[in-house]
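J.: Here's my sequence, what's the structure:
(one chain, ligands or ions: 1)
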Amino acid sequence: MAEYSNVKLEVQDRIATLSVNRPDKLNALNEQTIRELGQAVEEIAGRDDVGGVILTGVGEKAFVAGADIAELAKMGPVDGIEVSRLGQRVFRSIELSRKPVIAAVNGFALGGGCELALACHLRVASESAKFGLPEVKLGIIPGYGGTLRLPRIVGKGRALELMLTADMIDAQEAYRIGLANKVVPLAELMDAARAMMKGILKNGPVALGLAIECATRGMEMSVDDGLALESNLFGLLASTTDMREGMTAFLEKRRAEFTGR
Ligand code: COA
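T.: All right, here's what the predicted structure looks like:
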């Protein structure tokens, strides 16, 4: 297992909690933190004792308050491309994770922090959470996939409103527009995210991974290509032990015991 300094990885009952750990900088993502996030996601993908991931920020104030502005301030155009590509690569690995990833948004999710939450499959927010894409205030645009993911999640009109005004919205508004799946008091946030993940992990793990793949890649394709992907993966699942078990358990009126095979 790798050693991390800017993220923390804990595993309990098949649920990994991955926390961004720079609370004195409101968990701002500097290069090292993004690299460590990428390493941790790769580690989680290879660990048989992990079924799903909860991504959060250390402390009560911030999920992630954005990319590290002190680092960004020094970049030139060539570094800019590299900075953006590194974040895009890591966030894409989260989005395409076969293991479900829930963002537990415990405070500010701004800029790259909002984009990180968008790359997760589901978002549970505390009542104190604030979302926003304030990049244009700094003379830049979201560069970790936010310009593509936000319109896909909340629609182009609302996405452009957030991107062009640079305004923050609170958790209730995020819930209203479909950016947050659920809002709970801060004290209950991690329990709520864990309860949601426990419910998800009762289901067939291969099916979970392929549902994520169809929903994610399917939205990036033509309808015909997406439907072909869906039917092929549907057919693939018919060859799994898990499908036999899931259907037999239903017919035998018992709980399915999935093996992920
Ligand atoms: N990058 C680098 N450092 C950041 C940061 C970021 N994105 N966000 C916060 N910090 C640092 C602050 O510089 C400060 O560090 P210091 O104590 O060494 O001066 C520390 O975190 C605490 O932040 P502070 O601004 O004092 O807290 P606040 O409660 O007054 O304000 C915010 C909170 C979130 C409103 C404010 O920090 C902010 O606007 N952050 C930047 C948000 C942003 O534009 N993100 C997009 C970046 S692309």
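
J.: What about the nearest residue to Val90 once chain neighbours are set aside, how many residues nearby?
T.: In this structure, Val90 finds its nearest non-sequential neighbour in Gly38, 3.9 Å apart by Cβ to Cβ, 6 or more residues apart in numbering. In short, each C-beta sits where N, CA and C put it, glycine included. Neighbourhood size, Gly38 [other Cβ atoms under 10 Å]: 19.

J.: and what of Ala103?
T.: 30.

J.: Val136 now?
T.: Other residues near Val136 number 13, with proximity taken as other Cβ under 10 Å.

J.: circling back: next up, the contacts around the residue nearest to Val90.
T.: Contacts here follow Cβ atoms under 8 Å, 6 or more residues apart in numbering; on that basis Gly38 touches 86, 89-90, 93.

J.: rerun that using 7 Å as the cut-off
T.: Residues in contact with Gly38 (Cβ atoms under 7 Å, 6 or more residues apart in numbering) are 89-90, 93.

J.: Could I have the buried ones of those residues as PyMOL selection syntax?
T.: Typed into PyMOL, the line below selects the buried ones among the contacts of Gly38, using 16 or more other Cβ atoms under 10 Å:
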select buried, resi 90+93
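
J.: export the contacts of Gly38 to CSV and tack on secondary structure?
T.: Formatted as CSV, the contacts of Gly38 follow (DSSP: H, G, I helix; E, B strand; the rest coil):
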residue, secondary structure
Arg89, helix
Val90, helix
Ser93, helix
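
J.: was I right about Gly178 contacting Ile153?
T.: Yes - the pair Gly178 / Ile153 is scored as a contact, 6.4 Å apart, by Cβ atoms under 7 Å.

J.: Who has more neighbours out of the two?
T.: Set side by side, Gly178 and Ile153 show more neighbours around Ile153, with 15 against 12, by other Cβ under 10 Å.

J.: starting at the chain centroid, how far to the strand or helix carrying that one?
T.: Using DSSP states H and E, Ile153 falls within helix 146-154. Using Cα atoms, centre = their mean, to the nearest Å, the distance from the centre of helix 146-154 to the centre of the chain it belongs to is 13 Å.

J.: Could I get the buried residue list for that helix?
T.: Buried-residue list, helix 146-154, by 16+ other Cβ under 10 Å: 146-147, 149-151, 154.

J.: quick check, nearest of those residues to the ligand?
T.: Here the nearest of those to the ligand, counting by Cβ to the nearest ligand atom, is Gly146; it sits at 9.8 Å.
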